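Asks: sequence-free structure coming up:
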């Protein structure tokens, strides 16, 4: 095969001007015309920086020191005009919202051509064509506030396809999407790749979701260096994922629990290719000998929602919702964007008012309780910790709610210290907030809510954008809180791993209606609920099907309790 | 708040004009009225304003809130002008025709009445054009229109970006504010003013930080798609100038020129003096 290199790094090292140590070290990498390559690595590994070296943001927008060589389509980015480079390579950024600069879908798609002074008539016809490729031709006039996250991403894709670029670069395309939309995005990228023969580079850490469709190679990066560069089957059969904090596909973990050794010959890269048939007995054996987890019965209601409906002007957001949450539960509320999950939690916290039906908090009707009064019962932790933090010192941040309630300073001291100890941040008490990592900031915001001693905390997407290591850290922390102080935890999430591993029960909303209120393992193995909730069935479900386990839910339960035991030991 | 004035698509003489001609028309009418106190000229503009409003097919009841606010403002302005300087009319016109005497200082004269009526009708004549421009022009046409009037496209696009992100920042602000209230921040009117200001600044801080992050992202996205590559750029949302557009531009500029002529040659100043 006569392969033409389009991206070439040789002995490449890059250090940001503001940093002491290089972010990328001795990179040697060649990507050929028409290849589809996945670049993986934990947060801070340098994978996004590598992406910025490919699309030319480095050195054009971000300054630093470069050593070695980069060639993109025969051009050296540091010597070429940035705009000439942008004609060869198109980038879809992680933030679906930030990169949508137009006032409508059509305008955003046409943005690159507008900058090229293409006449208006041609702009319109070409934008329409590009929109058709990604299936957006029916929403051309919609404003960014009127389209979903998935549609925004498609707009960005259309916006680079319109420019006839040769290389498509996707920076964490799954980060802001729900599972079903993420699955569609992978299918769309695959279709564009196959139809156009363009080179595709995907930067992600959610391997299993990317491998919903084929890739030619996976490149693993850690601490700025390339650790491995191999085909998906070889990569998954290796022990590299565990070593570098990357989550392997669930079906692989399951096989390992069952005592199966994964080899490249089993073709473990995709759920559709892996040879399960030859290991059926081992899995069944493990499954049948597993002891099911003990079932805990909980008595006391902390939240009861009865016949709850809510509408913005004429649009119904919630339609006759009914459910009860018991004290000490840790449960998930799931559903696509706009399904009503945020509205539901805002009504519970009193951020929105004017609903029909009833909300009872610890047995009392909440209708007349103010936001502050409800906060004593139910605390709300926002998705982005930076949205909550207002103080400079960690102690002050945690103490804020108490100070605003005019509690005596010595009691504040005592309560803040105790809460910080529970949250494992007591050693940071006198630190400035800026010195903390994302996960630590998350803990600070949780502490600042816990200090008010609520019965329930609601967390909006607590692990969004986090890699496996940080995800585990945050979730294990929440699990400990739930277990040790008995606080009820409600998680609003898209993340199926989180649902499966950390919540016993899930409430699924779809277009304002409650479509399921059942065990999480049930939700993820029920095709009907999966579709309504914009979820994706777990690959364990496929394993159950192909080895002939009648009730896939049971296999998921066995898997989760095994996993919890493993985590408990480590 | 978002509903105060919202563009909605419609098929009317005014909606179908290009953004450029509407912007020119709006500016020409505004300057005409700003530069003169001649009630005859202002009356002409008022008539045009009424016609344009009628032609746009927009119902007054849709603008109830705005109209109430503007009316209150104008009434207040009218009363205050009299209270602060009841003799200004006399100084302007140099004569004194008393209508009614409230006290030694507060004497209502024909001169003062003429001045104040002229002033208030200036507001009444310009506001409809401003409102109509925003109500009948698609926001994305603002930028291309500004650019065509010679404003640099970077400035025009910055304006468009502002419109793009205002709703996002607004909803972000709402949620931040609610989450802070849950922690006990009191933003209600019962709170002391000084303390309230301090608490508002607490909420602004996270909003500013996240907006700065957003700006970085937007800048990258625009760079990557070749913004500012050339000295010019084209616009997806722009309309060709049709016959009505040309008529609008010529007509409004003619009114403006006419008013300047009256100022220069008839009134010899910004005021028309019927008292001498």
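Replies: That came in fine, so what should we check first? All values reported here derive from a predicted model rather than from experimental measurement. Numbering: from 1, shown residues only, chains lettered A, B, ... in the order given.

Asks: could you list every helix and strand in contact with whatever helix or strand residue B:65 lives in?
Replies: Assessed by DSSP states H and E, residue B:65 sits inside helix B:64-84. Using 3 or more Cβ pairs under 8 Å, 6 or more residues apart in numbering or on different chains; DSSP states H and E, the elements in contact with helix B:64-84 are helix B:110-136. The C-beta positions use only the backbone N, C-alpha and C, and glycine is treated the same way.

Asks: for chain B, which segments are assigned as strands?
Replies: B:98-101, B:107-109 (DSSP state E).

Asks: within the sheet, what are the partner strands of the longest one, with directions?
Replies: Think strand B:98-101. Here strand B:98-101 is paired, per DSSP bridges, with strand B:107-109 (antiparallel).

Asks: would you mind measuring from residue A:354 to residue A:145?
Replies: For residue A:354, the distance to residue A:145 equals 21 Å [Cβ to Cβ, to the nearest Å].

Asks: for residue B:157, list the residues it contacts.
Replies: Residues near residue B:157 by Cβ atoms under 8 Å, 6 or more residues apart in numbering or on different chains: B:143, B:227.

Asks: what is the burial count for residue A:306?
Replies: By other Cβ atoms under 10 Å in any protein chain shown, 14 other residues sit near residue A:306.

Asks: neighbour-wise, which of residue A:354 and residue A:145 wins?
Replies: In this view residue A:354 and residue A:145 are compared by other Cβ under 10 Å, and residue A:145 has more residues nearby, 11 against 8.

Asks: I'd assumed residue B:170 was in contact with the more buried one.
Replies: No. The pair residue A:145 / residue B:170 is not scored as a contact, 10.2 Å apart, by Cβ atoms under 8 Å.

Asks: centre of the chain to the helix or strand of chain B with the lowest mean pLDDT, how far?
Replies: For chain B, counting by mean pLDDT, DSSP states H and E, helix B:193-224 ranks last in confidence among helices and strands (a mean of 86). Centre-to-centre, helix B:193-224 and its host chain are 26 Å apart (Cα atoms, centre = their mean, to the nearest Å).

Asks: what helices and strands are in contact with it?
Replies: By 3+ Cβ pairs under 8 Å, 6+ apart, helix B:193-224 packs against helix A:57-60, helix B:153-182.

Asks: distance of the closest residue to residue A:96 other than its chain neighbours from residue A:105?
Replies: Nearest residue to residue A:96, sequence neighbours excluded (Cβ to Cβ, 6 or more residues apart in numbering or on different chains): residue A:152, at 4.1 Å. Noted for residue A:152: a distance of 9 Å to residue A:105, by Cβ to Cβ.

Asks: now do residue A:205
Replies: For residue A:205, the distance to residue A:105 - Cβ to Cβ - is 29 Å.

Asks: just residue B:264 next, same as before
Replies: Taken as Cβ to Cβ, the span from residue B:264 to residue A:105 is 51 Å.

Asks: any idea of the mean pLDDT in stretch A:40-47?
Replies: Here stretch A:40-47 scores 91 as its mean pLDDT.

Asks: quick check, whatever helix or strand residue A:90 lives in touching chain B?
Replies: Using DSSP H and E, residue A:90 sits within strand A:89-92. Yes. Part of strand A:89-92 sits near chain B under the criterion Cβ under 8 Å from any Cβ of the partner chain, namely A:90, A:91.

Asks: what's that strand in contact with?
Replies: A:51, A:54-56, A:72-73, A:99, A:153, A:156-157, A:159-161, A:163, A:165-171, A:173, B:224.
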